[in-house]
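A.B. asks: Pasted the sequence and its predicted model underneath.
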Amino acid sequence: MRRSWVPARLTGAIDNTLARWQDLLDVIEQHPPLLDGVRSADLLTKTEGRPRGSGDWVLAYLLFVNSAERELTRWHRSTSDELWQRIGFDTTPSYAAAYKNFKALEEHESAFRTIAARLIHVARERSDGKVGHAVHVDGTEAEAHSRLIHDCDGDELASCSKQAQLPRRVTNADARQERHRLVAEQPTDDPLYGAADEIVEDERGKRVKVNDCWYLLSDVDAGIRAYTAKDGRLRRFWAGYYSIKAIDHYTGGVLAVHVVDASTQEHVAYPDVFDQLCEQLGTSPKAVVADRGYSLPSVFELHTRADVATVIPWRTHHTAPKRENFPRFDRHGIPRCKYCDGETTYERFQHDSGPKDEPRLWFRCARPVSPGCERSQTIFCKENWRLLLPLWRTAPAYQVLRATHGAYESAHHRWRERYAVAGDTKADRPKRRGLGVQQLRGSAALVIEWLTICHRQGWLGGPVLNARTESVISRDEADGYCARIVARRQALGLSGVEPELMAEHQAAVANAYGGGASGMGAGSAYGKLVTTMLEEEPPPIPEPEE
């Protein structure tokens, strides 16, 4: 799988065909090795007291998450003896036993990621590497089942402004809008607490100081955003987590999920997300797509050093207050020929080249005018991590990935409906507190998601249940994705190629990316070959936007 191939999408792979607990158990029982070493007998060992009874609590928790039930009490009450007997229990265990063992599984949530990784590895092998080739990263809010309570006591009452006993919680839509607003500001690695002045923890929970008044939040793991009125009094608050997901471009399935408190900036938590993603895939993806919240040099550097292309919109940063051209490359990251200062074409990228293993790009002059222009030239990516990318912004694959990113945000809604992950209202948030219960539920949902995908596609050895096929990109679509940046570059005077020679230039770029048709996806089932597409007569270049 080459990075420059225009990616396809497989529709229907994530259709919910294992919603019934009987169907889910049938598929698991057909493939016992999936749970080798991660059953409850291996995880929940006892060193004293009565021996643990029969039955597998790992399977029980998977069935609980698959039911989409938010509360353990209701699910336990609705289960039948048949369900418990199918997973090895003699009789239906008590609610107290279910609560105790489900809570104990929080310390072993990595076991569920181990099961998911086994399924993902099968999917990658059976899909010829299309699964995990390109990945979309996005985060969403997850409410905590806790609220702020006025907690001034003793000497603190002397400066207390007698604020509201129970401040009102803002909606998730408001919290999301605030998060998006912060994207436009200068990024920082510091935690975000809104208007809170100080936060400390004690045996009762997390104490928050706002305008000389103290408030108590019983969920010590949750992040807090405080919102004050013009007079400085605390009027509203939001407490919860961010559920960050890495979503496969090919199938739409979630490859990794990482939960952090809402006071932690998403880009600060991203290295852990990326590590989990690579662990689940067994390798690194070819490209990662995200929104402006991740548009920081540290994220680009992490990807480039790992041989991963970054597809993220530009964001103002204190080290680069505006997007501008540089002496050796332009505002879109296209290097300039050092002999004629003209536009260049991509030749290759290597992330561990040279004696110091510094990532670098090789390129050639697009229109040689001197003997020097014929030579291969190079530049280190560290000169500007956010501009000098392994996959250039003028490549069809880059533009397709960027344009389709919004379609993958639906994974958050799907997981809320199917698995009750990252609940954002009082009705669907977990009633237990803590980050552990949020992360465990997300990791268990990974198992069900990929068991469903592999089952539907026949990747576990059964029949193919998904009647739909890959969606392939048309020439008009690819041209439309690339036409805007081509027109923009010509309007800015960054492209020295005349419109009537654009077809020849595009063919040269395509040849440089893949070395001919065989390198651009022949036999890859990724639709029409980009080389053939670019050799055809190009459409008229649209007028640039103001």
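C.D. replies: Right, received. Where do you want to start?
A.B. asks: V273 - that's part of a strand, no?
C.D. replies: No: read with DSSP: H, G, I helix; E, B strand; the rest coil, V273 is helix and lies in no strand.
A.B. asks: show me what contacts the residue nearest to it when sequence neighbours are not counted?
C.D. replies: Spatial nearest neighbour of V273, excluding adjacent residues (CB to CB, 6 or more residues apart in numbering): H258 at 4.6 Å. Glycine gets a C-beta too; all of them are placed from N, C-alpha and C. Shown in contact with H258 (CB atoms under 8 Å, 6 or more residues apart in numbering): S243, I244, A269, D272, V273, Q276, Q439.
A.B. asks: The first one: which element?
C.D. replies: So that's S243. strand 234-248 (DSSP states H and E).
A.B. asks: ok so, going back, which strand residues bridge the residue nearest to V273?
C.D. replies: Taking DSSP bridges as the rule, H258 bridges to I244.
A.B. asks: Equivalent analysis for L216, please.
C.D. replies: Going by DSSP bridges, L216 forms beta bridges with I149, R207.
A.B. asks: Tell me who's in contact with it.
C.D. replies: Contacts of L216 by CB under 8 Å, 6+ apart are L148, I149, D151, R204, G205, K206, R207, V208.
A.B. asks: How about the contacts made by the nearest residue to S146 once chain neighbours are set aside?
C.D. replies: In space, and not counting its chain neighbours, S146 is closest to D219: 3.8 Å by CB to CB, 6+ apart. By CB under 8 Å, 6+ apart, D219 lies in contact with A144, H145, S146, G205, K206, A239, R433, G434.
A.B. asks: Among these, which lie within strands?
C.D. replies: Judged by DSSP state E, these include G205, K206, A239 as members of strands.
A.B. asks: quick one: which of these is most hemmed in?
C.D. replies: Of the ones in strands among the contacts of D219, A239 is surrounded by the most neighbours, 25 neighbours in total, counting by other CB atoms under 10 Å.
A.B. asks: Which strand residues bridge that one?
C.D. replies: I224.
A.B. asks: can you pull the contacts of it?
C.D. replies: 143-144, 146-148, 169, 217, 219, 222-225, 262.
A.B. asks: ranges for the strands of the stretch 1-150 of the chain?
C.D. replies: For the stretch 1-150 of the chain, strands defined by DSSP state E, counting those that start in this stretch occupy the ranges 9-10, 134-143, 149-150.
A.B. asks: Can I get the ones you listed in a markdown table including distance to W314, mean pLDDT and mean neighbour count?
C.D. replies: Formatted as a markdown table, the strands of the stretch 1-150 of the chain follow (distance: least, CB to CB, whole Å; pLDDT from 0 to 100; neighbours: other CB atoms under 10 Å):
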| stretch | distance to W314 | mean pLDDT | mean neighbour count |
| --- | --- | --- | --- |
| strand 9-10 | 26 | 91 | 21 |
| strand 134-143 | 17 | 93 | 24 |
| strand 149-150 | 43 | 87 | 16 |
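A.B. asks: closest to K426 out of those strands?
C.D. replies: strand 134-143 (7.5 Å; CB to CB).
A.B. asks: Could you list every helix and strand that that closest one packs against?
C.D. replies: When contacts are defined as 3 or more CB pairs under 8 Å, 6 or more residues apart in numbering; DSSP states H and E, strand 134-143 sits against helix 172-183, strand 234-248, helix 266-281, strand 287-289, helix 410-419.
A.B. asks: Next, the angle from the helix or strand following the fourth one to helix 266-281.
C.D. replies: I take that to be strand 287-289. Going down the chain from strand 287-289, the next helix or strand is helix 297-305, by DSSP H and E. Here the directions of helix 297-305 and helix 266-281 differ by 20 degrees (axes from the mean of the first three to the mean of the last three CA atoms, to 10 degrees).
A.B. asks: Can you pull out the residues in contact with helix 297-305?
C.D. replies: 267, 270-271, 274, 288, 290, 309-310, 312, 317, 319, 351, 359, 381-382, 385-386, 388-390.
A.B. asks: Check which residues of that helix are buried.
C.D. replies: For helix 297-305, a neighbour-count test (16 or more other CB atoms under 10 Å) marks V299, F300, E301, L302, H303, T304, R305 as buried.
A.B. asks: okay if I get those residues as JSON lines plus distance to S40 and pLDDT?
C.D. replies: Listed next are the buried residues of helix 297-305 as JSON lines, based on distance: CB to CB, whole Å; pLDDT from 0 to 100:
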{"residue": "V299", "distance to S40": "38", "pLDDT": "95"}
{"residue": "F300", "distance to S40": "42", "pLDDT": "96"}
{"residue": "E301", "distance to S40": "42", "pLDDT": "95"}
{"residue": "L302", "distance to S40": "36", "pLDDT": "96"}
{"residue": "H303", "distance to S40": "38", "pLDDT": "96"}
{"residue": "T304", "distance to S40": "42", "pLDDT": "95"}
{"residue": "R305", "distance to S40": "40", "pLDDT": "94"}
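A.B. asks: Make JSON lines out of those residues and add distance to E71.
C.D. replies: Formatted as JSON lines, the buried residues of helix 297-305 follow (distance: CB to CB, whole Å):
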{"residue": "V299", "distance to E71": "37"}
{"residue": "F300", "distance to E71": "43"}
{"residue": "E301", "distance to E71": "44"}
{"residue": "L302", "distance to E71": "39"}
{"residue": "H303", "distance to E71": "40"}
{"residue": "T304", "distance to E71": "45"}
{"residue": "R305", "distance to E71": "45"}
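A.B. asks: Pick out whichever of those residues sits closest to G372.
C.D. replies: Closest approach to G372 among those (CB to CB): T304, at 27.4 Å.
A.B. asks: orientation of the helix or strand encompassing V400 relative to strand 134-143 in degrees?
C.D. replies: Using DSSP H and E, V400 maps to helix 396-403. Here helix 396-403 points in a direction 10 degrees away from that of strand 134-143 (the same axes, to 10 degrees).
A.B. asks: Y419: what's its closest spatial neighbour, skipping adjacent residues?
C.D. replies: Using CB to CB, 6+ apart, the closest residue to Y419 is A445 (4.0 Å).
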